[in-house]
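[1] turn this into a model:
(2 chains)
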Amino acid sequence: MIPTNYYIVLSAILFGLGVLAFIFKRNIISIFMSIELMLNAVNLAFVAFSQAMHKLDGQVFVLFVIVVAAAEAAVGLAIIILTARNRQSLNVERVDLLKL
Amino acid sequence: MPLLGATVNGLFGRTWPNKIVNSVAIGATGLSFLAALEAVREFFLLSPEQIPWVRQYFSWIEAGNFRAGFDLQVDQLTVVMLLVVTGVGWLIHIYSTGYMAHEGGYYRFFAYLNLFMFFMLILVMAANYVLLFVGWEGVGLASYLLIGFYFLRKSAADAGKKAFIVNRIGDFGFMLGMFLLFRTFGTLDFFKHAGAGGALGLFDKAAPLSAEAMGHLGTLTVACLLLFMGAAGKSAQIPLYVWLPDAMEGPTPVSALIHAATMVTAGVYVVARSHVLFMHAPTAMLVVAVVGCATALFAATIGLVQTDIKKVLAYSTVSQLGYMFLACGVGAFSAGIFHLMTHAFFKALLFLAAGSVIHAMGGEQDMLHMGGLSKKIKWTYVTMFTGTLAIAGIPPLSGFFSKDSILLSAYQSENGGPNVGHILYAAGLFTALLTSFYMFRLIFLTFFGKERYDEHHVHVHESPKSMLVPLAILAVLSIVGGWLAAPAFWGKPDYFAKFLEPVFAAPGASEAGTAEAVVHALETPLAIVAVITALAGLLAAYWLYVKQPSKPDKLAKFFGGAYQTLLHKYYVDEFYNAAVVRPLMWLSTNVFWKAVDVSIIDGAVNGIAEGITVVGDGTRRTQSGNTRSYAVWVVVGAIVIVAVIFWPHVRPVLGVVR
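    Purely as a prediction, here's the structure:
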């Protein structure tokens, strides 16, 4: 059986990649996907711990995270589509309307 | 009850027609007069042990062993004041409906007037100094509001402010006196009553002390002098009298109610109420007597040359108040209160009649532009003449009896040496002469002689009934008011003094016992002298202003300097302006405004504002508006939080040792 440490390290690596992509990618869809990556890294850690400790709580949380991720995907994609329509671009550098 | 009237009128009166405002205001005061009558009837049913009757409504301030309750008390002194205040107040309310009929702010006027009545009743019925002070300040407020009633006129607004500020000076003394009394006696209640846990009241504690216990310059003397300072402010005595003549800027009924009949007598009331304390402070008594006497004389001389009909009456009021203080100062408290009562009648009468004259003349107040009015406004003339006879002290009108008893007491006073009393008496008598003179001067200038106004512009007309009826009632009161004390002349007991005797028991015992025989021996000659003086004043005025109208001008020229001094009221206003107002202005401008306000307070405020601007400039740069930069901040924040949480666990692992 694969030791839990491996899972945790893999999860950490995936999460770190997600963070880096989240910061450095310019395409909104890439950023979006990096968020999904971070979520799933966390999911992996949850499941690993759940198996190691013989408890179901972690898996229940994973289901919650998947549900929230689905909802987020729906909202996020809607926002992306609207942004793309309004500015003919998916570059986040050009989304700077938050400043008045 | 008047408070209810004030509230109703103040809140809703704006939209109501005058008639409803009238009925609310008059109804409220009328009912309180009836309530006062009922209270008096019940009062007479009480047995002597139950007097003073005290009822506690609720505790107002409680702190440590200090307690000030909303306690009302009724004793003989209160009864007199109660009847005077509500009775005269009611008449003046009725009068005002006629006088103010054409003025704007009708409802406001009555709301203020009712408010005043409420506070005045609190003042006279209070059972401790704190509640008394509430009423005291309340009437001051109402007085300020009413003096400044024509607030669009700068002089009226200024007069209101002046009255308020001058009163503040006196109130300062009053409060200090109050604190000192509390420190000495541990209570501010007048008498012991149930609510204070049976604790002795102020006066119960003070009464058994001997005069020497406190020494002639002891605490009690200081406290009395401070209280008297407050009284002098409210009752317009030297040196705080300057506000009263200016207060004549208010509507005439206000002058009559507040600045003649009731509020200004509050000071006298306080001194009389505190008589237990004053009896133990002979020095303070002497000061009261001398100040009262000096004010009486001083104001009477100014009154000689004033030409504004209301100003003459104002100075006359100041002078009569001086009389009352003189009476209190020589220990004749009941005489002082008696004069207070008769003065309330005839001075209210005079003011209202003067108001009627002004009304008739269409707003003219200068006596030099009147004359020959006696035929045109007969009722006003008759009532005003009655009032003048009363104030001049012509028997058998009320002023004669009250003034005479004051002069008698002054003559007998031995406080501060045997001659002081005689000097006070002489000054008082001379004042009586002056009083008689200037009052008849007023009458002759106003009602006799040639008409000195423009017939075509001024349509002289008699006032409406609502003004004349109160005048007539007050005139009757001015005539008969003194008869309460009349029996004293043929050796019978003086009803008024008898009635007040339980209150002023202490002075009565020392005086009446020894000097009874002397009193009656002296009474008649002194009375005759007083009457002769009054008649002399009358004749002098008659001779100068009716027989030889050109004489006064010649006299004025002859005594040029003196005349000018009097005309400018001894330059007291100018002196105060230079001595008090200017330095204060300078202090305010240079120290408080330029130094304290601008550099310290404004500096602090502006400094804080500038600091915030700097911080804001810094943080503004973080708000680039770029979504990605926000994302970076989120990550940084997350890393920081994680670091903070895990640092304690990670540190030993990394082998970091401090």
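[2] how many neighbours does B:Leu321 have?
    32 (other CB atoms under 10 Å in any protein chain shown). No exception for glycine: its C-beta is placed from N, CA and C like everyone else's.
[3] actually B:Gly603, not the one I wrote
    So B:Gly603, with other CB under 10 Å, has 11 neighbours.
[4] and the helix or strand harbouring it with chain A, contact?
    Element membership for B:Gly603, per DSSP states H and E: helix B:603-622. No: Helix B:603-622 lies out of reach of chain A by CB under 8 Å from any CB of the partner chain, never closer than 9.6 Å.
[5] helix or strand right after that helix?
    Moving toward the C-terminus from helix B:603-622, the next element (DSSP H and E) is helix B:627-654.
[6] got the angle between that following helix and helix B:603-622?
    90 degrees (axes from the mean of the first three to the mean of the last three CA atoms, to 10 degrees).
[7] what's helix B:627-654 packed up against?
    Packing partners of helix B:627-654 (3 or more CB pairs under 8 Å, 6 or more residues apart in numbering or on different chains; DSSP states H and E): helix A:4-24.
[8] got the buried residues for the helix it packs on?
    Residues of helix A:4-24 classed as buried by neighbour count (16 or more other CB atoms under 10 Å in any protein chain shown): A:7, A:11, A:14-15, A:18-19, A:21-22.
[9] any idea how chain B splits into domains?
    As given by automatic domain parsing, the domain ranges for chain B are B:1-280, B:282-490+B:517-559, B:629-658.
[10] quick check: mean pLDDT across the shortest one?
    Throughout domain B:629-658, pLDDT has a mean value of 78.
[11] repeat for stretch B:292-306
    81.
[12] what lies in contact with that stretch?
    Residues outside stretch B:292-306 that contact it (CB atoms under 8 Å, 6 or more residues apart in numbering or on different chains): B:236-238, B:241, B:312, B:315-316, B:318-329, B:410, B:424, B:427-428, B:430-431, B:434-435, B:437-438, B:441, B:556, B:563, B:566-567, B:569-570.
[13] pull up the per-residue confidence for residue 7.
    Since you didn't name a chain, this refers to chain A. 90.
[14] ah, no, chain B please
    pLDDT at B:Thr7 comes out at 52.
[15] kindly report the same for the one 3 residues further on.
    At B:Gly10 the predicted local confidence, pLDDT, stands at 46.
[16] again with B:Leu587
    For B:Leu587, the pLDDT comes out at 70.
[17] burial count for it?
    Neighbours around B:Leu587, by other CB under 10 Å: 11.
[18] where does the stretch 251-400 of chain B get nearest to chain A, residue-wise?
    B:Pro251 (59.0 Å; CB to the nearest CB).
[19] residues in contact with B:Ile238?
    So B:Ile238 contacts B:232, B:291, B:294-295, B:298 (CB under 8 Å, 6+ apart).
[20] the helices in chain A, which residues?
    Assigned by DSSP state H, chain A shows helices spanning A:4-24, A:28-53, A:57-87.
[21] the ones you listed: which one's closest to chain B?
    Checking these against chain B by CB to the nearest CB gives helix A:4-24 as the closest, at 5.8 Å.
[22] re earlier: look up how far A:Met1 lies from the residue of the stretch 251-400 of chain B closest to chain A.
    Using CB to CB, to the nearest Å, B:Pro251 is found at 104 Å from A:Met1.
[23] in terms of neighbours, single out the busier of those two.
    B:Pro251 (22 against 5).
[24] which helix or which strand is home to B:Pro177?
    Pro isn't right for residue B:177; it's Gly. Following DSSP H and E, one finds B:Gly177 within helix B:154-185.
[25] quick one: list the elements packing against that helix.
    helix B:129-147, helix B:202-206, helix B:219-234, helix B:243-246.
[26] so it versus helix B:219-234, what angle?
    Using the same axes, to 10 degrees: helix B:154-185 against helix B:219-234 is 160 degrees.
[27] now chain A, which segments are flagged as low pLDDT?
    Residues of chain A meeting the criterion pLDDT under 70: A:94-100.
[28] pretty sure the residue of the stretch 251-400 of chain B closest to chain A sits against B:Met100.
    Yes: at 6.5 Å, B:Pro251 and B:Met100 qualify as touching, with contact defined as CB atoms under 8 Å.
[29] okay, and the common contacts of the two?
    Taking CB under 8 Å, 6+ apart as the contact rule, B:Pro251 and B:Met100 both touch B:Phe109.
[30] re the thing from before, by neighbours, which of the contacts of B:Ile238 wins?
    In terms of neighbour count, B:Ala232 stands highest of those at 29 neighbours, by other CB under 10 Å.
[31] residues contacting it?
    B:170, B:238-241, B:267, B:291.
[32] so which of those residues comes closest to B:Ala281?
    Nearest to B:Ala281 among the contacts of B:Ala232, counting by CB to CB, is B:Val291 at 14.2 Å.
[33] I'd guess that closest one is in a strand, am I close?
    No: looking at B:Val291 with DSSP: H, G, I helix; E, B strand; the rest coil, it is helix, so not inside a strand.
[34] any idea how far it lies from B:Val529?
    Here the criterion is CB to CB. By it, B:Val291 lies 24 Å from B:Val529.
[35] can you check B:Tyr315 too?
    24 Å.
[36] among the two, which residue is more densely surrounded?
    Ranked by neighbour count (other CB under 10 Å), B:Tyr315 and B:Val529 place B:Tyr315 first, with 27 against 16.
[37] once you drop chain neighbours, what's closest to that one?
    Closest residue to B:Tyr315 apart from its sequence neighbours, by CB to CB, 6 or more residues apart in numbering or on different chains: B:Gly303 at 3.6 Å.
[38] now do the strands in the stretch 251-400 of chain B.
    Counting by DSSP state E, counting those that start in this stretch, the stretch 251-400 of chain B has no strands to list.
[39] quick one: neighbours of residue 89, just the number.
    Just going to use chain A. Count around A:Ser89 with other CB under 10 Å applied: 14.
[40] wait, chain B was what I had in mind.
    Neighbours around B:Gly89, by other CB under 10 Å: 29.
[41] for A:Glu72, same thing?
    The burial count for A:Glu72: 15, using other CB under 10 Å.
[42] you'd agree B:Leu82 is up against B:Leu123?
    No: counting by CB under 8 Å, B:Leu82 sits too far from B:Leu123 to count as a contact (10.8 Å).
[43] the more surrounded of those two?
    B:Leu123 (26 against 23).
[44] contact partners for that one?
    Going by CB under 8 Å, 6+ apart, B:Leu123 touches B:132, B:135-136, B:138-139, B:266, B:269.
[45] can I get those residues in a markdown table with pLDDT and neighbour count?
    Shown next, in a markdown table, are these (pLDDT from 0 to 100; neighbours: other CB atoms under 10 Å in any protein chain shown):
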| residue | pLDDT | neighbour count |
| --- | --- | --- |
| B:Leu132 | 84 | 24 |
| B:Gly135 | 83 | 19 |
| B:Trp136 | 85 | 30 |
| B:Gly138 | 84 | 20 |
| B:Val139 | 84 | 26 |
| B:Ala266 | 84 | 27 |
| B:Tyr269 | 84 | 29 |
